[in-house]
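S.K.: Predicted model, plus sequence, below.
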Amino acid sequence: RSYRFTPGDAASLGMVCGGDVTVHFQYLDPADTAAVATLRRLVELSGGGQGLWLLRRLAGERVTETRVLTEGEAPELAAYLKDATLFQDGILTIRTKAIILAMGCRERPRGALNIPGFRPAGVYSAGTAQRLVNIEGKMPGRDVVILGSGDIGLIMARRMTLEGAKVHTVAEIMPYSGGLKRNIVQCLDDFGIPLKLSTTVVKIHGKERVEGVTLAKVDERMKLIPGTEEYIPCDTLLLSVGLLPENELTEELGAKMSPVTRGPLVNESMETSLSGVFACGNVLHVHDLVDFVSQEAALAGKAAAEWLKENRDKVTEADVILEQAEVKAETSGAAADTKRPAITVETGAHVRYTVPSKIRPDKAGEETLIRFRVDNVLKDHYLCVSYDGELISHKKKRIMAPGEMEQVVIRHSDLDQYPDLARITVHIEAE
């Protein structure tokens, strides 16, 4: 028999739910003495003010055993669950042996840009405008200027145009776009929206609502060039000025961080400098394609599962406590029992960073993808890989840009030919 409870009804019974709840009641067969004994024990202990757990052993979908345990009878279980106060206080502490960090990233706000002017309505991050238009069906404005040429900003230039707004221009402070080439073509060129490079907003006009913005050119040192100011009347300014990985928790844990990506340094298994702590996606480094995010997530999940298999007997209690940010077993990316030392992946000319920063040949699979970004728009250059200074790979690329992630493949069968290899360098060379 089943009964339907509204959230209010459920709350009055001490239940927590986010919507209507259906509660199913099952009648016990009096001949089922084990089930009747369990129920009687549960009723007897329920008024004692101590924690109780109803444990059921499953064989497939069949319940083979049901037990009621108190805190005193299950101290190990109590230790793991005693801080689980989500329902009472809104905080949940989970003790675990492995963690995958996948917090993503957030948009850089206006406050980080130091643009002179008041704080009028009409200034939005590109992601906020995207939500307003796509999900809530609301238009942020009708006359739009976009600062920053990240992919979200480029996509929103097209979206706002399709919704009937006038997008006057997209201004980018760098001498190159931060978005994919295909988005520049499909979102700007196809709609006649100008892209102004080496240009930024120097003032926002308007007190209650945005009335216009002043743009100006900058030199190679990002200094304003006097006399290049241009006033554009508009009622909306969209900001697409970069994404910041959400790594406050990662830093609290004590993981080694990259000063370039602002994400943790990882090895070929997406494991950070903390044993059993993995990272993937935009918390690691900002991606332009979700396909790469999915690949990293799959790799991190598989590596975490393998880590648990290898360390199940070595770890007797939780190594990671989220609430207190404590990690007992801290090591470098390379495990102590690895037969071969980890290989450091270094950046060379025109390469800003690499992911991963270490490769453990004995822990990796058949190959490792090294992903990276270049520091400028490079045409007709060679993508090179060197082993301890010896050039191994030399591939010509017609064009490389900071807005598009590049990658090279390291096959571990090739590493066997270099048993003493200590350093892999990824670098870009001119013709």
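M.R.: Everything's here; your move.
S.K.: C-alpha only now, for contacts and for neighbours.
M.R.: Will do.
S.K.: Rounded mean pLDDT for the helix or strand that contains Ala171, please.
M.R.: Assigned by DSSP states H and E, Ala171 falls within strand 166-172. Throughout strand 166-172, pLDDT has a mean value of 95.
S.K.: Relative to that strand, what are the paired strands and their orientations?
M.R.: strand 143-147 (parallel), strand 195-197 (parallel) (DSSP bridges).
S.K.: Can you list the neighbours in contact with the next helix or strand after the first one?
M.R.: Right, strand 143-147. Counting by DSSP H and E, the element after strand 143-147 in chain order, helix or strand, is helix 151-162. Contact with helix 151-162 is made by 126-127, 129-130, 146-147, 166-167, 170, 178-180, 183-184, 187-188, 191, 193, 238-240, 288, as judged by C-alpha atoms under 8 Å, 6 or more residues apart in numbering.
S.K.: same question, stretch 287-305
M.R.: 98-100, 151, 179-180, 269-271, 276, 278-282, 403-405.
S.K.: Report the mean per-residue pLDDT for that stretch.
M.R.: 91.
S.K.: Then stretch 185-192?
M.R.: The average pLDDT for stretch 185-192 rounds to 95.
S.K.: now that stretch, how far from the centre of its chain.
M.R.: Mean-position distance between stretch 185-192 and its chain equals 29 Å (C-alpha atoms, centre = their mean, to the nearest Å).
S.K.: same question, stretch 413-421
M.R.: 33 Å.
S.K.: what angle do the strand holding Ala171 and helix 151-162 make?
M.R.: Relative orientation of strand 166-172 with respect to helix 151-162: 170 degrees, computed using axes from the mean of the first three to the mean of the last three C-alpha atoms, to 10 degrees.
S.K.: What residues of strand 166-172 count as buried?
M.R.: Using 16 or more other C-alpha atoms under 10 Å as the test for burial, strand 166-172 gives 166-172.
S.K.: Buried residues in the lengthiest helix in the chain, which are they?
M.R.: The longest helix of the chain (DSSP state H) is helix 290-311. For helix 290-311, burial by neighbour count (16+ other C-alpha under 10 Å) applies to 292-293, 296-297, 299-301, 303-304, 307.
S.K.: Tabulate those residues in TSV, adding columns for distance to Leu28.
M.R.: Formatted as TSV, the buried residues of helix 290-311 follow (distance: C-alpha to C-alpha, whole Å):
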residue	distance to Leu28
Phe292	52
Val293	49
Glu296	49
Ala297	45
Leu299	47
Ala300	45
Gly301	42
Ala303	45
Ala304	42
Trp307	43
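S.K.: for the chain, what spans make up the helices?
M.R.: So, for the chain - with DSSP H - the helices run 7-12, 33-45, 75-81, 86-89, 126-134, 151-162, 181-183, 248-253, 290-311, 412-415.
S.K.: among these, which is nearest Leu421?
M.R.: Ranking the helices of the chain by proximity to Leu421 (C-alpha to C-alpha) places helix 412-415 first, at 7.7 Å.
S.K.: Tell me where the model's unsure across the stretch 301-431 of the chain.
M.R.: 312-339, 364 (pLDDT under 70).
S.K.: and the contacts of stretch 287-305, which are buried?
M.R.: 98-100, 151, 179-180, 269-271, 276, 278-282, 403-405.
S.K.: can you tell me which of those are in strands?
M.R.: 99-100, 278-279 (DSSP state E).
S.K.: Would you check those residues and say which has the weakest pLDDT?
M.R.: Among those, Ile99 has the lowest pLDDT, at 91.
S.K.: Name the nearest residue to that residue, sequence neighbours excluded.
M.R.: Val277 (4.9 Å; C-alpha to C-alpha, 6 or more residues apart in numbering).
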